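1. Give the three-dimensional model of this entry:
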Amino acid sequence: MKRMISLRDQRLKEKDRAKPKVKKKDDPSAIKEREVPQYPSCLFFQYNTQLGPPYHILVDTNFINFSIKAKLDLVQSMMDCLYAKCIPCITDCVMAEIEKLGQKYRVALRIAKDPRFERLPCMHKGTYADDCLVQRVTQHKCYIVATVDRDLKRRIRKIPGVPIMYISNHRYNIERMPDDYGAPRL
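-> You can find the predicted model right below:
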């Protein structure tokens with residue numbers, strides 16, 4: 001491998017040489033400006049104020065599969081967890097992911113096509129459901145995300161004001177939700 005000559009080398013002509021960087025001294029009396037991310041007004045209080053019945057719940061692929069394994073009816077169990085009307089929402093990406101799983105998961109596909117589920121269209125390229133859910137929740141903080149996936153839970157916990165629904169002890173539980181709403185935590 002050939003060695004490259006440094007741009008500051010004395011053998012280079014004056015015009016081709018890199019100029020030495022001059023450090024500017026900061027004025028201590030000048031006002032310092034910082035870029036601070038702007039938070040939505042719904043997060044003014046400790047919890048998200050946009051959340052309220054009827055709850056819109058974004059459902060992930062594995063949440064449907066684990067609900068079937070635990071023999072839980074999706075809509076009824078959600079209502080038992082939150083004590084309010086729940087509208088399960090399925091994005092096109094999640095639907096495509098379930099369709100890709102094939103014949104083994106045809107029950108999950110039939111549940112996903114239930115008329116009680118609200119269908120949310122996706123405008124982006126690709127069918128990676130996790131990115132789609134995270135992006136949608138970041139834009140609109142009016143959803144609860146239902147998932148069993150550890151990585152997706154970890155990503156959603158970084159977004160303030162988004163509750164997560166998961167399955168434990170053969171029932172649905174919810175985290176990051178005010179205690180005033182829903183069933184008592186176990």
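2. which sections of the protein are below the confidence cut-off?
-> Across the chain, the ranges flagged by pLDDT under 70 are 180, 183-186.
3. Now do the strands in it.
-> Assigned by DSSP state E, the strands in the chain fall at 55-59, 86-91, 118-120, 143-146, 164-168, 171-175.
4. For those strands, give me TSV that also has mean neighbour count and distance to Asp26.
-> Where C-beta positions appear, they are placed from N, C-alpha and C, glycine not excepted. TSV is the format used below for the strands of the chain (neighbours: other C-beta atoms under 10 Å; distance: least, C-beta to C-beta, whole Å):
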stretch	mean neighbour count	distance to Asp26
strand 55-59	23	46
strand 86-91	21	48
strand 118-120	15	49
strand 143-146	25	44
strand 164-168	18	44
strand 171-175	17	44
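5. Glu35: which of these is closest?
-> With C-beta to C-beta as the measure, strand 143-146 is the member of the strands of the chain nearest Glu35 (27.3 Å).
6. all helices for this structure, in order.
-> Assignment of helices within the chain using DSSP state H yields the ranges 61-69, 74-82, 92-100, 106-112, 129-139, 150-157.
7. other SSEs contacting the last one?
-> Applying 3 or more C-beta pairs under 8 Å, 6 or more residues apart in numbering; DSSP states H and E, one finds that helix 150-157 contacts helix 129-139, strand 164-168.
8. Off-centre distance for the last one?
-> Between the mean C-alpha point of strand 164-168 and the mean C-alpha point of its chain there is a distance of 15 Å (C-alpha atoms, centre = their mean, to the nearest Å).
9. Describe which strands it pairs with in its sheet and in which direction.
-> In the sheet containing strand 164-168, the strands it pairs with under DSSP bridges are strand 143-146 (parallel), strand 171-175 (antiparallel).
10. can you give me the angle the longest one makes with helix 150-157?
-> Counting by axes from the mean of the first three to the mean of the last three C-alpha atoms, to 10 degrees, strand 171-175 points 40 degrees away from the direction of helix 150-157.
11. okay, the angle between strand 171-175 and helix 74-82?
-> Calculated by the same axes, to 10 degrees, strand 171-175 forms an angle of 50 degrees with helix 74-82.
12. what residues does strand 171-175 touch?
-> Contacts of strand 171-175 with the rest of the structure, by C-beta atoms under 8 Å, 6 or more residues apart in numbering, involve 72, 77-78, 80-82, 144, 146, 163-167, 182, 185-186.
13. Among those, which one sits closest to Asp114?
-> For those, with Asp114 as the reference and C-beta to C-beta as the criterion, the closest is Met78, at 12.6 Å.
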